[in-house]
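> A structural model of the following input is requested.
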Amino acid sequence: MDPRNLSISAYNYDLPENRIAKYPLPERDASKLLVYDGERITEDIFKNLDQHIPPDSLLIFNDTRVIEARIFFQKPTGGIIEIFCLDPHERYLDTTIGMMQKKKVVWLCLIGGASKWKHEQILEKKIKSGEKEILFEARYVEKRKDCFVIEFSWNDDSLSFAEILHLAGAIPLPPYIKREAEKSDVERYQTIYAHYEGSVAAPTAGLHFTDTLLKKLKAKNIFTDFVTLHVGAGTFKPVKTETIGDHEMHSEFITISKKTIENILENLSRNIIPVGTTSFRTIESMYWLGVKIRSGESDHLLLSQWDPYELEKNNLPVEESLQTLLDFMNKHNKDHITTKSQILIAPSYKIKMADALITNFHQPRSTLLLLIAAFIGNDWRNVYQYALENDFRFLSYGDGCLLWPKRKLRAVT
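Numbering: from 1, shown residues only. Here you go, the predicted structure:
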């Protein structure tokens with residue numbers, strides 16, 4: 001079935017408000033862990049994850065870092081304007097370049113109180129950096145269909161935009177966590193391995209990992225590697241159209257290193273397990289980039305939401321696709337590739353890269369739930385019903401699960 005004809009009402013379930021975790025547990029790896037092995041459902045604690053993953057598996061983590069994307073400015077009249085930074089302006093090749101700009105940067109934003117902010121009007125905010133006082137300004141440049149173009153400037157050329165956000169902004173908690181961000185969220189709404197700044201939401205499956213757990217995985221000869229996907233606010237966007245074909249999937253920056261592609265290529269005989277739907281989408285995107293290059297479309301490496309279904313006729317073995325991507329990078333002297341991926345993974349999608357998935361529990365009627373359904377089929381309902389009936393906590397600060405599709409045989413010893 002063409003996923004464009006799928007009805008979103010088939011991917012709905014009742015999520016009571018009291019099942020949405022408002023705060024993380026005191027210990028990251030104390031969260032409950034649901035394990036679906038393709039047939040049975042069992043449960044454990046996340047700190048015992050190593051006991052449910054076969055030796056020699058390769059875990060792929062998303063090392064993006066959440067930025068303090070919410071900024072509040074006060075107008076001279078006293079009114080408050082909230083600016084939510086979404087993505088760098090298209091003049092910047094990727095998020096990292098935008099984050100490293102000094103003195104001035106242009107960003108795509110959402111605006112709270114936009115009707116009270118006039119075009120070209122400049123808002124000011126004084127912020128402290130040590131003993132220095134910095135004047136931080138925001139200028140309303142342009143209104144677009146789904147966002148506003150805002151120019152930020154500051155009078156200290158030693159500070160990057162990333163550093164300015166640390167000083168002026170606040171961590172953007174998801175809209176379903178109905179409380180203001182607190183001091184503890186600065187640490188807890190961030191994975192312990194977060195590195196490259198650019199996300200407005202955490203890759204939440206990774207929030208369960210601790211140094212102790214990573215050491216246990218390593219001791220079992222379970223390997224790790226990293227990709228980067230900067231999570232956008234669109235990840236929280238419910239599907240409001242009746243059919244999936246009328247829904248516009250959000251697009252996000254991904255960065256994949258040559259070293260990671262080589263590592264995966266060398267380990268295709270092992271279990272490749274993405275940690276989170278963002279890592280899942282990134283490694284699946286990796287495959288389609290190779291297919292697109294082989295198809296002669298190397299000048300347009302942006303991946304649209306329907307590319308996987310339209311390129312399926314050019315289907316390549318995984319090894320061949322990854323080698324094509326590597327050859328392309330070698331030819332152009334690239335040690336990493338950065339592009340945007342909009343791929344939508346929904347039932348009928350044929351999984352190329354992932355053998356299992358570590359993730360949290362997702363919102364009803366969401367593209368993330370569609371991804372789960374594509375991966376484990378209709379059993380997603382049994383998994384979610386079990387979680388609801390057995391006191392699992394849902395969404396970003398909630399509990400986690402390890403999902404294996406029926407087709408995968410494995411030995412955990």
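
> in a helix, Leu325, correct?
Yes. Leu325: assigned to a helix according to DSSP: H, G, I helix; E, B strand; the rest coil.

> that one and Ile293 touch, don't they?
Yes. Applying C-beta atoms under 8 Å as the test, Leu325 and Ile293 come out as touching, 6.4 Å apart. C-beta: built from backbone N, CA, C; applies to glycine.

> can you pull out the strands in the stretch 1-150 of the chain?
32-36, 41-45, 58-62, 64-66, 70-74, 80-88, 104-112, 122-129, 132-143, 148-154 (DSSP state E, counting those that start in this stretch).

> any idea how far the closest residue to Lys104 other than its chain neighbours is from Asn12?
Nearest in space to Lys104, with sequence neighbours left out and distances taken as C-beta to C-beta, 6 or more residues apart in numbering, is Ser153 at 4.5 Å. Distance of Ser153 to Asn12, computed by C-beta to C-beta, to the nearest Å: 45 Å.

> got it, and Asp50?
34 Å.

> so between the two, which is more surrounded?
Set side by side, Asp50 and Asn12 show more neighbours around Asp50, with 18 against 15, by other C-beta atoms under 10 Å.

> Tyr11: how many residues sit nearby?
Applying other C-beta under 10 Å, we find 22 residues neighbouring Tyr11.

> show me the contacts for it.
Pro364, Arg365, Ser366, Leu369, Leu370, Ala373 (C-beta atoms under 8 Å, 6 or more residues apart in numbering).

> isn't the second one up against Val239?
Translated: Arg365. Yes. With contacts defined as C-beta under 8 Å, Arg365 counts as touching Val239 at a distance of 5.2 Å.

> out of the two, which sits in the busier spot?
Val239 (25 against 17).

> SS state for Phe392?
The three-state label for Phe392, taken from three-state DSSP, comes out as coil.

> what about it, neighbour count?
Using other C-beta under 10 Å as the criterion, Phe392 is surrounded by 23 other residues.

> now do the one 10 residues further on
The number of residues packed around Leu402, counting by other C-beta under 10 Å, is 21.

> quick check: buried residues in stretch 15-23?
By 16 or more other C-beta atoms under 10 Å, the buried positions in stretch 15-23 come out as Leu15, Arg19, Ile20, Ala21, Lys22.

> now the end-to-end length of that stretch.
From its first residue to its last, stretch 15-23 covers 17 Å (C-alpha to C-alpha, to the nearest Å).

> what does that stretch contact?
Taking C-beta under 8 Å, 6+ apart as the criterion, the residues outside stretch 15-23 that touch it are 176-179, 363-364, 388, 392-399.

> low-confidence regions, this protein specifically.
Within the chain, the set of residues satisfying pLDDT under 70 comprises 1, 407-413.

> domains of it?
Structurally, the chain divides into domains by automatic domain parsing as follows: 3-65+190-403, 69-169.

> now do the end-to-end distance for the first one.
Domain 3-65+190-403 has an end-to-end distance of 22 Å (criterion: C-alpha to C-alpha).

> and if you look at the shortest one?
Between the opening and closing residues of domain 69-169 lies a distance of 6 Å (C-alpha to C-alpha).

> buried subset of the contacts of stretch 15-23 as a PyMOL selection?
Remark: buried members of those, expressed as a PyMOL selection using 16+ other C-beta under 10 Å:
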select buried, resi 177+363+388+392+393+394+395+396+397+398+399
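
> of the contacts of stretch 15-23, which is the nearest to Ser257?
Minimum separation from Ser257 among the contacts of stretch 15-23 (C-beta to C-beta) is found for Ser396, which lies at 26.8 Å.

> follow-up on the earlier one: mind putting the strands of the stretch 1-150 of the chain into JSON lines with distance to Gly206 and mean neighbour count?
Putting the strands of the stretch 1-150 of the chain into JSON lines (distance: least, C-beta to C-beta, whole Å; neighbours: other C-beta atoms under 10 Å) gives the following:
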{"stretch": "strand 32-36", "distance to Gly206": "14", "mean neighbour count": "21"}
{"stretch": "strand 41-45", "distance to Gly206": "17", "mean neighbour count": "14"}
{"stretch": "strand 58-62", "distance to Gly206": "6", "mean neighbour count": "24"}
{"stretch": "strand 64-66", "distance to Gly206": "9", "mean neighbour count": "25"}
{"stretch": "strand 70-74", "distance to Gly206": "21", "mean neighbour count": "18"}
{"stretch": "strand 80-88", "distance to Gly206": "21", "mean neighbour count": "20"}
{"stretch": "strand 104-112", "distance to Gly206": "25", "mean neighbour count": "19"}
{"stretch": "strand 122-129", "distance to Gly206": "30", "mean neighbour count": "14"}
{"stretch": "strand 132-143", "distance to Gly206": "31", "mean neighbour count": "16"}
{"stretch": "strand 148-154", "distance to Gly206": "29", "mean neighbour count": "20"}
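
> quick one, helices of the stretch 101-250 of the chain?
With DSSP state H, counting those that start in this stretch, the ranges of helices along the stretch 101-250 of the chain come out as 161-168, 185-188, 211-219.

> tell me which of these sits most buried.
Each of the helices of the stretch 101-250 of the chain was assessed for mean neighbour count using mean count of other C-beta atoms under 10 Å. The highest is helix 161-168, with a mean of 20.

> quick one: contacts of it?
Contacts with helix 161-168, where a contact means C-beta under 8 Å, 6+ apart, come from 67-69, 71, 85, 98-102, 105, 125, 127-129, 134, 136, 152, 154, 159, 197.

> can you tell me how far Glu131 sits from Val231?
Remark: distance between Glu131 and Val231 (C-beta to C-beta) = 35 Å.

> comparing the two, which residue is more hemmed in?
Per other C-beta under 10 Å, whichever of Glu131 and Val231 has more neighbours is Val231, with 23 against 5.

> which one in the chain is furthest away from the centre?
Distance from the C-alpha centroid of the chain, by C-alpha atoms, centre = their mean, peaks at Thr77 (38.0 Å).

> who has more neighbours, Leu325 and Ile293?
Taking other C-beta under 10 Å, Leu325 and Ile293 do not tie; Leu325 has more neighbours (27 against 19).

> so who does the more buried one touch?
Residues near Leu325 by C-beta under 8 Å, 6+ apart: Ile261, Met286, Leu289, Gly290, Ile293, Ile337.
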